[in-house]
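1. Got a predicted structure here, sequence first:
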Amino acid sequence: MTQDTALPKNLGPDSAVLKTAPGAAGIGYLVIDAWGMIQAVNPTFLAAANPSGNHPDPTDISEFELRLDMPTSVSACRLGGRHKLVWVPIPDGGWAGTLLEDQTTEALPPSGTDALTGVGDRQSLPGQYEAMRGEERGYALFLDLDRFKRVNDTLGHDAGDALLRSVARRLRSVLRSADYVARLGGDEFVALINGEVDETEVKAIAERVIDKLSRPFLVNGMQVLVGASIGLARSDGVNLDEALRRADVALYESKRLGRGRATWYTPEMTAALEKRRDLEHALRKALLLEEFVVYFQPQYSFGTSSITGFEALVRWKQSDGIVPPSEFIPVAEETGLMVDIGSYVLNVACREASEWPQPLTVAVNISPLQFMDDGFLESIQDCLSRWGLPPERLELELTESVLANEDFDVEARMRALQKIGVSLSLDNFGTEYASINCLSKYAFNKIKIDQSFVRDALADDASHKIAGAVAGLGIDLGVNVIAEGIETEEQLARLRAQGVGAMQGFLLSEPIPADKVSSFVANWSETQNLKEHEA
Amino acid sequence: MTTIPDERLLRVAYFSRNTIAGGDETLQEIDRILETAQTNNSKCGVTGALMFNDGAFAQILEGPGSAVEDVFDRIQLDDRHNDITVLQTDWIDTRTFPNWSMGFAGNDAAAAIQYAGIADRSSFDVEALSASDLIQLLREIAIRNELALRAA
């Protein structure tokens, strides 16, 4: 106790803290605050930390501090010599450490610890869960990092591991000492939250976790941004597996709603999930049994006063009727089945178009998943050569959500497709993310004004103006503008007046089966029910 | 945290929003931050500069890579700020800030007087630091956010 120069200045032997710290009981102890700053330490502790005098200066707290990690639960850590330090939480987030003689010789950390991050492992959860349930109730928090795969893929697994260690540290810092954290594997963590808080507080804790994990990380000298989604479930009356299953279902819902959020489990989620799974199974079966059929809706050009092509539209024909696309496309997108369905439609569309009597274009909807698929370019080329369809007759319709993907070089893929000779149109313009900027940034050959702007146009002045502005922009950029969903003569007249170059909609024809296309085209010149507008 | 002597030096600059209530509370908290920074960071060889006002923090950390990463990570746990934006990460050969300095960067005259003591204690000299473009940039952002806060 002679050298006190290395002590934080409020902790010298003469400081009030040290003087008031009782040492008579012969038990060494140390108190730190929530930031890891030493608030009190008694002489017994300092003496015991250096019984032989061989160790570095025992009063050098800063030296000692370097060997300490912030405690996160009631736990023991071994010090040099024959002592261990047992931590218990104190109010305001601080910790009191009591120095005890270490009777054991086995090495820390104990079993049940995840070697990578130092939090609990999967095997430790059942015991912890039972202990928590012994105290009335508790909660399960299921956490999954957002965008973690990208870190592993681009910076390597060492960086991924370093990130996981930081994630574990941040998690423990937000959770209270009575809570338990474990890593299930990969980037999945589970926390068991002690039941002394209510659901509102648990949600607040989860949101603080998300806030902390959304803050930047530094890994290998580089900034890494991830994020987290969380599912929450109560433990009452259910075993660990069920509690985790529920929290996982709620986590799935958090991701579905757009990630970066925490959601409480509700029984309806399980029902909805089961319904989605049933639909997914039915979709797989439908692919196998070729229950998907392709209908074709004609497109008409005002400039040439003729039918210029057809849009291929998928329908699901079941024994008891036709399932509208709106009921199965979202699930197909979510489950990735859309890639297979899309390839099927593409193949049928190209096959049919190759048999049409005139060289009309065929427009095929491409889902974001399909567009980004590694083999997409090749599958287009294969399809064209298989049916001998000239590339300029194939038009791919992309939605605005394709453009919103940050992780994918959309422009490069678009250029590659256009190099093959197929043309690209921007579908449902105005309904999602695309701004006017997108039109000049991405070189689309055609813009399709969404039908919501066409339909509401009579009632809604704003929609009216948007449709007009897009048409004008198309003319300026030299891009074709087509309006879809035209149902009345009035809509037709107005959009024509605004400069829209082409149309598609019930006024012209509903989508028709493939075997009706030839007769529709042949009969078209006779009916010419749009001729009256050619003035 | 042990420092590997020949470990490469990393510099990180970030900006964040000050969420401390303001007034005396800010003074106390800033005092605390300075104390923590001086004792903790110097132990692991991390030096740098921290500028603050009632609206913002702008900080530069320099030191061995792993130590800077550790300190940065601890800073992320702090509820006294949010909206952390990393402006620069760079491997460097020599430190621009071999000590710990900390000071008020803002136009609010009353606040400048209130916080003057802290700058004195950490030998913070905004004029000397202005030589660095980075500092200049951080300072401008901090001041802009001080004003934005007052307008809000």
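-> That came through fine. Residues are numbered from 1 along each chain as shown, chains lettered A, B, ... in the order given.

2. drop to CA atoms for contacts and neighbour counts, all remaining ones
-> Will do.

3. what about the closest residue to chain B within the stretch 201-350 of chain A, helix or strand, and which?
-> Residue of the stretch 201-350 of chain A nearest chain B, by CA to the nearest CA: A:Leu218 (5.5 Å). For A:Leu218, the element it lies in under DSSP states H and E is strand A:217-219.

4. Now do the next helix or strand after that strand: everything it contacts.
-> Once the chain leaves strand A:217-219, the next helix or strand it forms, by DSSP H and E, is strand A:222-224. Contact partners of strand A:222-224, identified using CA atoms under 8 Å, 6 or more residues apart in numbering or on different chains, comprise A:Val151, A:Pro216, A:Phe217, A:Leu218, B:Val86, B:Thr89.

5. Including neighbour count, distance to A:Tyr129 and pLDDT, could those residues go into CSV?
-> Converted to CSV, the contacts of strand A:222-224 look like this (neighbours: other CA atoms under 10 Å in any protein chain shown; distance: CA to CA, whole Å; pLDDT from 0 to 100):
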residue, neighbour count, distance to A:Tyr129, pLDDT
A:Val151, 19, 31, 88
A:Pro216, 21, 32, 94
A:Phe217, 24, 31, 95
A:Leu218, 24, 33, 93
B:Val86, 21, 39, 86
B:Thr89, 18, 42, 89
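
6. what does the stretch 201-350 of chain A put close to chain B?
-> By CA under 8 Å from any CA of the partner chain, the residues of the stretch 201-350 of chain A that approach chain B are A:Lys212, A:Arg215, A:Pro216, A:Phe217, A:Leu218, A:Val219, A:Asn220, A:Gly221, A:Met222, A:Gln223.

7. now the biggest helix by length in chain A: mean pLDDT?
-> Determined from DSSP state H, the single longest helix within chain A is helix A:267-288. On average, the pLDDT along helix A:267-288 is 90.

8. The residue of the stretch 201-350 of chain A closest to chain B touches B:Ile75, doesn't it?
-> No - using CA atoms under 8 Å as the test, A:Leu218 is too far from B:Ile75 to be in contact (11.3 Å).

9. re earlier: following the longest helix of chain A in sequence, what is the next regular element?
-> Next element after helix A:267-288 (DSSP H and E): strand A:292-301.

10. any idea of the angle that next one forms with helix A:267-288?
-> Relative orientation of strand A:292-301 and helix A:267-288, computed by axes from the mean of the first three to the mean of the last three CA atoms, to 10 degrees: 80 degrees.

11. Name the residues that touch strand A:292-301?
-> A:286, A:306-317, A:345, A:348-349, A:501-505, A:508-514, A:517.

12. what pairs with the longest strand seen in chain A, and is each one parallel or antiparallel?
-> Counting by DSSP state E, the longest strand found in chain A is strand A:306-318. Using DSSP bridges, the strands paired with strand A:306-318 are strand A:292-301 (antiparallel), strand A:321-323 (antiparallel), strand A:361-366 (parallel).

13. then the longest one to CSV, C-alphas only?
-> Output for strand A:292-301, consisting of C-alpha atoms alone and laid out as CSV, is shown next (Å, rounded to 0.1, in the frame of the first residue of the first chain):
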residue,chain,number,x,y,z
PHE,A,292,-50.1,-23.2,-63.6
VAL,A,293,-51.5,-21.9,-66.9
VAL,A,294,-50.4,-18.9,-68.8
TYR,A,295,-52.9,-16.4,-70.2
PHE,A,296,-52.2,-13.6,-72.6
GLN,A,297,-53.4,-10.1,-72.5
PRO,A,298,-53.0,-8.0,-75.7
GLN,A,299,-51.2,-4.6,-75.9
TYR,A,300,-52.3,-2.0,-78.4
SER,A,301,-50.1,0.8,-79.8
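
14. same question for it, mean pLDDT?
-> Computed over strand A:292-301, the mean pLDDT rounds to 95.

15. how about the residues of chain B that lie near chain A?
-> B:1-2, B:10, B:36, B:39, B:43, B:65-66, B:69, B:72-73, B:76-77, B:83-86, B:89-91.

16. Mind giving me the ChimeraX command for buried ones among these?
-> Per 16 or more other CA atoms under 10 Å in any protein chain shown, the buried members of these correspond to this ChimeraX selection:
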select /B:10,36,39,43,65,66,69,72,73,76,77,84,86,89,91
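
17. Tell me which of the residues of chain B next to chain A fall in strands.
-> Applying DSSP E to these, the entries found in strands are B:Leu10, B:Asp83, B:Ile84, B:Thr85, B:Val86, B:Thr89, B:Asp90, B:Trp91.

18. The third one and A:Ser452: what is the separation?
-> Meaning B:Ile84. According to CA to CA, to the nearest Å, B:Ile84 stands 40 Å off from A:Ser452.

19. Then the second one?
-> Separation of B:Asp83 from A:Ser452 (CA to CA): 37 Å.

20. same deal with the fifth one?
-> B:Val86 sits 42 Å away from A:Ser452, going by CA to CA.

21. what's the answer for the first one, then?
-> Distance, B:Leu10 to A:Ser452, by CA to CA: 53 Å.

22. quick one: least confident helix or strand in chain B?
-> Of all the helices and strands that make up chain B, helix B:126-129 has the lowest average by mean pLDDT, DSSP states H and E, namely a mean of 48.

23. which residue packs closest to the residue nearest in space to the middle of chain A, ignoring adjacent ones?
-> By CA atoms, centre = their mean, chain A has its centre lying nearest to A:Arg259, at 4.9 Å. Nearest in space to A:Arg259, with sequence neighbours left out and distances taken as CA to CA, 6 or more residues apart in numbering or on different chains, is A:Ser229 at 5.3 Å.

24. tally of neighbours for that neighbour?
-> 28 (other CA atoms under 10 Å in any protein chain shown).

25. shouldn't it be in contact with A:Arg261?
-> Yes - here A:Ser229 lies in contact with A:Arg261, judged by CA under 8 Å, at a distance of 5.2 Å.

26. which neighbours do those two share?
-> With CA under 8 Å, 6+ apart as the test, A:Ser229 and A:Arg261 both reach A:Ile210, A:Ser254, A:Lys255.

27. Can you name the residues that contact the last one?
-> It stands for A:Lys255. A:Ser229, A:Arg261 are the contacts of A:Lys255 under CA under 8 Å, 6+ apart.

28. tell me the mean pLDDT over stretch A:511-526?
-> Stretch A:511-526 comes out with an average pLDDT of 88.

29. can you dump the C-alpha coordinates of stretch A:497-511 into CSV?
-> The C-alpha trace of stretch A:497-511 is given here as CSV (Å, rounded to 0.1, in the frame of the first residue of the first chain):
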residue,chain,number,x,y,z
ALA,A,497,-54.6,13.0,-74.8
GLN,A,498,-51.8,13.0,-72.2
GLY,A,499,-49.4,11.3,-74.6
VAL,A,500,-49.4,7.7,-73.4
GLY,A,501,-48.3,5.6,-76.4
ALA,A,502,-49.9,2.3,-75.8
MET,A,503,-52.5,0.5,-73.7
GLN,A,504,-53.6,-2.7,-72.1
GLY,A,505,-56.8,-3.5,-70.3
PHE,A,506,-60.3,-5.0,-70.2
LEU,A,507,-61.5,-2.3,-72.7
LEU,A,508,-59.3,-4.0,-75.3
SER,A,509,-59.5,-7.6,-74.0
GLU,A,510,-59.2,-9.6,-70.8
PRO,A,511,-56.3,-12.1,-70.6
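
30. Other residues contacting that stretch?
-> Contacts of stretch A:497-511 (CA under 8 Å, 6+ apart): A:295-303, A:313, A:467-468, A:471-472, A:475, A:480-489, A:530.

31. Show me the strands in the stretch 101-250 of chain A, by range?
-> A:138-145, A:180-185, A:188-194, A:217-219, A:222-224, A:228-234 (DSSP state E, counting those that start in this stretch).
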